[in-house]
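**Q** Return atomic coordinates for the entry below.
(chains A and B)
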Amino acid sequence: MKRFLQIAVAVTCTLFLLSGVALAAGTIKVGHLADLTGPTGDVGKPYAEGVQAYKDYVNAHGGINGKTIDMQMFDYAYNKDKAINQYKKYKEDKVVAIEGWGTGDTEALTGFVSADKVPYISASYSAHLTDPKKAPYNFFCAADYTTALRAGLLYLKENWKEKRAPKIVFIYPNVPYGIAPIKGGKEYAKELGYEILNDENVDLKAIEANSQMLSVKNKKADFGWIGGTTGSTAVILKDARKLGLSTRFFSNIWGIDESTPKLADGAEEGALVMAGSTTYGAKVPGMKLLEQITRNKPQPTPFIRGYVSMMVLVEALKRADKATKGNITGQSVKDALETFRDFDTGGLTPGKITYTSTDHRPFMAVNIIQMVKGKLVVKKTMVLPRKAEWLGL
Amino acid sequence: MHYCGDYRTSYEKDMEILQTPVTKAFVAAFFLFLLAWPFVVKSEFLWITMQILIAVIGAVGLNILTGFTGQISLGQGAFLGVGAYTSAYITAKMGLSFWIGVPAAGVVTALAGMIFGIPSLRLKGLYLAIATLASQFILEWIFLRWEPVTGGSFGIVVPRPSIGGFAFDTDRSYYYIVLVIAAVMVLFAANLMRTRTGRAFMAVRDHYISAEIMGINLFKYRILSFAVSSFYAGVAGALYGHSLRYVSSEQFNIGVSIVYLAMIIIGGLGSILGSIYGAVFMILLPKLLTVVTTQLGTSFPGIAELAIALEQGIFGAIIILFLIFEPDGLAHRWKMIKAYWKLYPFSY
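**A** Numbering: from 1, shown residues only, chains lettered A, B, ... in the order given. Now for the predicted structure:
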């Protein structure tokens, strides 16, 4: 009897071990850093929800070639030390990729992810990150800030009817995020024949922009680029209305979204935003699934972008899993991402996604969205040429 | 402070850093413990320990300036940045070695500190604080705008050090470099305070007119203090940059300066040991709070978001309570605890 028990225990243990191994082989570990409660939480939360929603959908529908994605979200509250600490933990867990969030975490981890070979997909769209020579493991799924600015400049120039050169002013906060696209944007503006006025600085946390708007008024600017976030953009738009400016404003991807009508109180009418996705409910093939997942509850644009970024990662995981026959690594996920050629997001993004080993610009297209009576309306999809000299600038 | 029965018969004995055999043994054991530490902990905690060691260097530097010489500085964060960028430029852009980059970072930052320390000749207290605050903003602006050197809004990706063929690529190997440099710099600071220079610093702090009457050149010692303090900041910044493998302007903002100031106030102004306690406290406390709030969040999902949002508030509250109940800092509290046990049960 005793002997029988011993054998039974041994067999059970072996079975348990085997099943454990099988379980381990059945998951793919991915990290997810999000800001739900920090200073960028208002847009960070829908973005993170988009990421998680697509992951849940994939896990419920077969996973990655039969394996489930194990992706625990961590709220780092836009605190880079927390992001780094969590990254170290993820690294110990041997994650093969990370879904990140903003400039804070992306910048803090750029050095690490390239040294540790962990692909990092985030929503920090700085053009520097598209140059694999500088940031080989960084990816994102929207046009970079500079490309978006160029698209806006081209759109406005195309619709410019007067004979004289249009005057443009660049309004941005004095932080890396604001400064990043200015150099490239100005060069292109000059090329298009704009007259460039002196820059104005409006802080991200500004509560008024009177003096700056007065200066814009005196300079008689026709167009104003706003490189801020929703808060500072609303402040600029409101003060511009108060001073009776006729300047037409266009903002970067984070400047105007569904919350703007509430923040700007009508002053946003006619303003443009260089969006990296379509809007909820748009008539595109990819919207059907998204509506089904969200049960027809309208979601802001950051949600769609988060959703797309996970869509891209899932496709890369599938390709990497197949290519390595299940021994997926960070390197293989990066290689898989770099095999993307015109990957179709079902029209959720302005273009189809292509990454190569020398160029991480997903596409050169931007949706020009206009605020019309409190609604975001897609006016046009601008497509720029993929110029080599624009890479990383 | 000496307790009853604790007396010395010579000046040498009185000036010793480690005064009793027990302390010596304890410090030796602690150093051995730090050497073994990377093999004990997970990589997350190794990283935190490394950040503490780097912060210790910066905090000791600031304490030399603020605690020992009495010159308030709100520019420590920017000085860390000068060091980080100098070393990044030397290693990543000029292709020279880390072993040149770090000392050079110290020297360049010391020069920058001397320049921004010039107002200290005329300004004191709050006025000097504002002048150094200006240095913070000027330097930050330079980091962001001097693109050929600092990489502008992108920053610079920097390598980890190597000797011969061996690269200190992992956190574990890099930790030892940081540990050795931190130990040497703390020891140097502790010794500096026993020299003529150190005593001059303290004289300037305690009563600058008396100090001047005694023949201490105020200008020289104030600028020297800025130089030494900035040298420490520069080395700390360089080590930080290499630990992160990446240097960008947002890492060295005014918040960093304030955290460093908080470190030395909480640890104990004018105490080398206090700087160490302060650095440990200020880096570990947010981490502990995160652990607590995440724990709370998982146990009571309803308050998860609230708990995380409260973290900053609790952090502030703890610091306020600390300053109310222990205004002399952790170093003083530690002394009191030691004294209590030494004299137990016959305290007076």
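**Q** can you tell me the average pLDDT over the helix or strand containing B:I130?
**A** Secondary structure assignment for B:I130, by DSSP states H and E: helix B:125-145. Across helix B:125-145, the average pLDDT comes to 89.
**Q** Any regions of the chain where pLDDT drops low?
**A** This is for chain A. Across chain A, the ranges flagged by pLDDT under 70 are A:1-25.
**Q** oops, I was thinking of chain B
**A** Applying pLDDT under 70 to chain B flags residues B:1-6, B:302, B:304-305, B:307-308, B:347-348.
**Q** which residues of the stretch 1-150 of chain A fall in strands?
**A** Per DSSP state E, counting those that start in this stretch, the stretch 1-150 of chain A carries strands over the ranges A:27-34, A:68-75, A:98-99, A:120-121, A:138-139.
**Q** right, so of those strands, which gets closest to chain B?
**A** Closest of those to chain B is strand A:68-75, at 6.0 Å (criterion: Cβ to the nearest Cβ). All C-beta spots, glycine's among them, are computed from the backbone N, C-alpha and C.
**Q** How far does that closest one sit from its chain's centre?
**A** Strand A:68-75 has its C-alpha centroid displaced from the chain centroid by 18 Å (Cα atoms, centre = their mean, to the nearest Å).
**Q** Give me the sheet partners of it and which way each runs.
**A** strand A:27-34 (parallel) (DSSP bridges).
**Q** Name the surrounding residues that touch the partner strand.
**A** With contact meaning Cβ atoms under 8 Å, 6 or more residues apart in numbering or on different chains, strand A:27-34 is reached by A:44-45, A:47-48, A:51-52, A:64, A:67-76, A:83, A:86-87, A:90, A:93-101, A:105, A:118, A:313, A:317, A:321, A:328.
**Q** out of the residues you listed, which are inside helices?
**A** Within the contacts of strand A:27-34, residues falling in helices by DSSP state H are A:44-45, A:47-48, A:51-52, A:83, A:86-87, A:90, A:105, A:313, A:317, A:321.
**Q** and the gap between the closest residue to chain A within the stretch 1-150 of chain B and B:S73?
**A** Closest residue of the stretch 1-150 of chain B to chain A, Cβ to the nearest Cβ: B:E44 (4.1 Å). Look at B:E44 and B:S73: by Cβ to Cβ, to the nearest Å, they are 31 Å apart.
**Q** So these two - more neighbours on which side?
**A** B:S73 (32 against 19; other Cβ atoms under 10 Å in any protein chain shown).
**Q** That one contacts B:A134, correct?
**A** No: applying Cβ atoms under 8 Å, one finds B:S73 not in contact with B:A134, separated by 11.4 Å.
**Q** element containing residue 239?
**A** If you meant another chain, say so; for now it's chain A. Per DSSP H and E: helix A:230-242 holds A:D239.
**Q** not quite, I wanted chain B
**A** Assigned by DSSP H and E, B:L239 belongs to helix B:218-244.
**Q** Quick check: next helix or strand after that helix?
**A** Criterion used, DSSP H and E; the element after helix B:218-244 is strand B:246-247.
**Q** What lies in contact with that next one?
**A** Against strand B:246-247 from outside (Cβ under 8 Å, 6+ apart): A:107-108, A:110-112, B:81, B:84-85, B:88, B:151, B:155-158, B:241.
**Q** Could you spell out the sheet neighbours of it, each with its direction?
**A** In its sheet, and by DSSP bridges, strand B:246-247 pairs with strand B:156-157 (antiparallel).
**Q** Leaving out the residues flanking it, which one is nearest to the residue of the stretch 151-300 of chain B at minimum distance from chain A?
**A** Chain A sits closest to B:R245 of the stretch 151-300 of chain B, with a gap of 2.8 Å, by Cβ to the nearest Cβ. Among residues not flanking B:R245 along the chain, A:G111 sits closest, at 2.8 Å (Cβ to Cβ, 6 or more residues apart in numbering or on different chains).
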